[in-house]
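Got a predicted structure plus its sequence, pasted below:
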Amino acid sequence: MTDNTTIDATKIFHDSKPDHYILNTALTLKQECPDKNIILVSKDINLRLKAKSLNINAEDYLTGKVKDTENLFTGKQCFYNIDDEVINELYKTGVCLPEDIGLSNLDSNQYLILKSQKNGSALGYFNMLTQKIERIDKTTCYKIIPRNSEQTFAVHAIMNDDVKLVSLQGKAGTGKTLLALAAALHQKKTFKQIYLARPIVPLSNKELGFLPGDVNSKISPYMEPLWDNLKFIQSQFKESDKEYKFLTDCVKEEKLIITPLAYIRGRSISNVLFIIDEAQNLTPHEIKTIVTRAGEGTKIVFTGDINQIDTPYLDSQSNGLSHMIDRMKKQSIYSHITLVKGERSELADIANELL
């Protein structure tokens, strides 16, 4: 092994960036304190990999990490062999007690798929406030129809007046952002404004200053997926329809604002439905900062995929979305749904599985 005295990270990696001076500091400490266990602790996975290549012990921060993301709260459960009489009663009255189907210790606002012995089924959720299971029907929002039970649950959560914080987690193509926006527009009379925002995480961790053009041309590519969802909803109507004109007017009059998350800073978010897309790229502290700024009458919806993180400083265990799901799951004003089934296209589903 090469002697530490001959190692210079700035020369090895051909760059005099601050990260490499940090590595040199660790190398110097190893040389000066051979009896000590020198460990570099960083959230930057790239820096940790470089440290290990130089034989420096490197670890991630453990504080705030969700230990078991494989068993992260999904917000839903499926129960089989439910008595047909209970299913019939649920359709007749719209409610039943957890004891009627042999359940106990349900999480607040937990969603349920109930299947009977004779192939009957019903969708419901546990209302913590009433301590009852309430039946759920599909709700169409701006001609966007839920295609599976998870999407039905997601729309219900966003439209539930008792819930002030919602998270939708799932792979690409499950409809997270589209459903959130459609459900938000369905409640246009309830909220003063609708904000649709996302954090800007440049490709390969390059700053926006490297990109050509003014500020708007720099951020435009990152906002296009959000505009695409709005255009898709608008395409469900004819140009002569009042809904089509309403969506155009919403943007012009700033009733609906699509913007980078950083541009929200300093704005009031009272009486606002606030949708944050790509929330897996936020730290737990950033999630907390957003939620704690919510004023009266505000609902916040986070959407994202904890397995598709674009920053080297976070992973599936340490990102803010995982942290929030794990910590908030028992609160009566919070609902969460993990969407699994892709509905974009057969090609998209195959790509998600195999590529």
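Good, I have the coordinates. None of these values were measured; they are calculated from a predicted model.

Please count neighbours and contacts with C-alpha atoms only from this point.
OK.

Pull the number of nearby residues for the residue nearest to N307 when sequence neighbours are not counted.
When the adjacent residues along the chain are set aside, N307 lies closest to S316, with 5.8 Å between them (C-alpha to C-alpha, 6 or more residues apart in numbering). The tally of other residues near S316 (other C-alpha atoms under 10 Å) stands at 22.

Check the spacing between S316 and N119 real quick.
Note on S316: its distance to N119, by C-alpha to C-alpha, to the nearest Å, is 37 Å.

show me where pLDDT drops low in this protein?
Segments of the chain classed as low confidence (criterion: pLDDT under 70) are 1-5, 202-218, 266, 268, 352, 355.

where do the strands sit along it?
Here the chain has its strands, by DSSP state E, at 39-41, 57-59, 76-82, 95-96, 111-116, 121-127, 132-135, 165-170, 193-198, 256-260, 272-276, 299-304, 334-339.

Dump the ones you listed into TSV; add distance to M223 as well.
Output for these, formatted as TSV (distance: least, C-alpha to C-alpha, whole Å):
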stretch	distance to M223
strand 39-41	34
strand 57-59	34
strand 76-82	31
strand 95-96	42
strand 111-116	32
strand 121-127	34
strand 132-135	37
strand 165-170	19
strand 193-198	8
strand 256-260	7
strand 272-276	12
strand 299-304	15
strand 334-339	23
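
can I get the ones you listed in CSV with mean neighbour count and distance to Q187?
Rendered in CSV, the data for the strands of the chain read as follows (neighbours: other C-alpha atoms under 10 Å; distance: least, C-alpha to C-alpha, whole Å):
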stretch, mean neighbour count, distance to Q187
strand 39-41, 15, 46
strand 57-59, 17, 46
strand 76-82, 14, 24
strand 95-96, 20, 24
strand 111-116, 22, 22
strand 121-127, 21, 21
strand 132-135, 21, 21
strand 165-170, 25, 15
strand 193-198, 24, 10
strand 256-260, 19, 12
strand 272-276, 26, 9
strand 299-304, 25, 11
strand 334-339, 26, 17
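
From the chain's centroid, how far away is stretch 78-88?
Its chain's C-alpha centre lies 32 Å from the corresponding centre of stretch 78-88 when counted by C-alpha atoms, centre = their mean, to the nearest Å.
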